[in-house]
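Student: here you go, sequence then predicted model.
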Amino acid sequence: MESISEALYFDPFEGDFGEPGDRTIKDKIVKFRKPHRCHICDVTTQVGELGRNRVDVFDGDLHSVYFCHECCVAMVSSLDDWDDETIIQRYALGEESRRSSASA
C-alpha cells in the first residue's frame, strides 16, 4: 500500500493556474485539528484524520483547501495510471453533494 504522502504528487488544480503571481504556498499532509470540508468529495473531515492541506495564491487571493483521507488515497491510486476511476468517483460525489446543497 502506498503512503498517503504520495498524494502530494497529484495536482488537483492541473491547468487552473497560469496567471503571473499564481503559486502554491503550502502543500502538506496534516492531522486535522478541526473539521473541514473536503474540496473534492465535499464530506466533512474528522478531527484526528490524516489528510492534505494546500494553500495557493490564485488571481491575487489566498485560498486554503483541504482533502480528506479517502480522496488522498484516490489521488495516490490515480498516480499509478491503473485507477483513475476512483478519483473520478470522488469528484462525482462532491459534485452531487454540492448540487444537492444548492437545491435545498
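Tutor: It's in. All of these numbers come straight from a predicted model, not from anything done at the bench.

Student: quick one: mean pLDDT over the helix ranked longest in the chain.
Tutor: The single longest helix within the chain, with elements called by DSSP state H, is helix 84-103. The average pLDDT for helix 84-103 rounds to 91.

Student: what's the answer for stretch 37-44, then?
Tutor: Mean predicted confidence for stretch 37-44 is 97.

Student: give me the residues contacting it.
Tutor: 12, 35-36, 45, 51, 65-68, 70-71, 74, 87, 90-91, 93-94, 97-98, 101 (C-beta atoms under 8 Å, 6 or more residues apart in numbering). For glycine as for every other residue, the C-beta is placed from the backbone atoms N, C-alpha and C.

Student: kindly recompute the last result at 10 Å.
Tutor: 12-13, 32, 35-36, 45, 51-52, 54, 63-72, 74-75, 87, 89-101 (C-beta atoms under 10 Å, 6 or more residues apart in numbering).

Student: narrow the residues you listed to those that are buried.
Tutor: Using 16 or more other C-beta atoms under 10 Å as the burial test, those include 12, 32, 36, 45, 51-52, 54, 65-72, 74-75, 87, 90-91, 93-94 as buried.

Student: alright, that wraps it up for me.
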